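Student: The following comprises the amino acid sequence and a computationally predicted model.
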Amino acid sequence: MPLNRKKILVLLVVLVAAMQLVPIDRRNPPVTAEVAGAREFLAILKRSCFDCHSNETTWPWYSRIAPVSWMLAYDVYEGREHLNFSHWGDYPGEKQVKLRKEIREEVDEGEMPPFQYYLVHREARLGNQDKEIIRRWATDGETPSR
């Protein structure tokens, strides 16, 4: 016997409510050796990168609603795992060189910040001047003022 629409709706409401019981870790661990640079450079990173690539994530209200909370927590976990500006000084020199190269490539290819992030965070989109500042830092460590 097929379920009627009312039973399906009740089942969906119960399922969504049960999903809210799954705990999500939204803690920001301590910053141990943050990245250094000119004020303008750091402002770009904070605006466009830090939510996923630092321990200074700003968790929006919707990060408390499953299943969106699961996706955000996963993105932050993965981002921190690959590159964490809050631990930049803890990385060995050769890893910093490798990460700088990857950062430059991602910025040049328009991969970072990802499209789905700046759909919600319009201010995170990198302008040409922002990209040039990041490129300079990634290439030779310089972070020129605008």
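Tutor: Now that the structure is in, tell me what you want to look at.
Student: List the buried residues in stretch 36-49.
Tutor: In terms of neighbour count (16 or more other CB atoms under 10 Å), stretch 36-49 has its buried residues at G37, A38, F41, L42, I44, L45, R47, S48, C49. Yep, even glycine has a C-beta here, placed from its N, CA and C like the rest.
Student: Pull the number of nearby residues for the closest residue to Q96 other than its chain neighbours.
Tutor: Nearest non-adjacent residue to Q96, counting by CB to CB, 6 or more residues apart in numbering: W88, 7.1 Å away. By the criterion of other CB atoms under 10 Å, W88 has 21 neighbours.
Student: Of all residues in the chain, which one is nearest the centre?
Tutor: C52 (1.9 Å; CA atoms, centre = their mean).
Student: mind checking pLDDT for it?
Tutor: The pLDDT attached to C52 in the predicted structure is 94.
Student: all helices of this structure, in order?
Tutor: Assigned by DSSP state H, the helices in the chain fall at 5-19, 39-48, 50-53, 68-82, 93-108, 115-120, 128-140.
Student: so the second one versus helix 93-108, what angle?
Tutor: Using axes from the mean of the first three to the mean of the last three CA atoms, to 10 degrees, one finds that helix 39-48 and helix 93-108 are set 70 degrees apart in direction.
Student: Using PDB, write out the CA atom coordinates for helix 39-48.
Tutor: Taking Å, rounded to 0.1, in the frame of the first residue of the first chain, the C-alpha atoms of helix 39-48 are listed here in PDB:
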ATOM      1  CA  ARG A  39      48.100  44.700   5.800                       C
ATOM      2  CA  GLU A  40      46.400  44.700   2.400                       C
ATOM      3  CA  PHE A  41      47.600  41.200   1.700                       C
ATOM      4  CA  LEU A  42      46.300  39.900   5.100                       C
ATOM      5  CA  ALA A  43      43.000  41.700   4.500                       C
ATOM      6  CA  ILE A  44      42.600  39.800   1.200                       C
ATOM      7  CA  LEU A  45      43.300  36.500   2.900                       C
ATOM      8  CA  LYS A  46      40.900  37.300   5.800                       C
ATOM      9  CA  ARG A  47      38.100  38.300   3.300                       C
ATOM     10  CA  SER A  48      38.600  35.500   0.800                       C
END
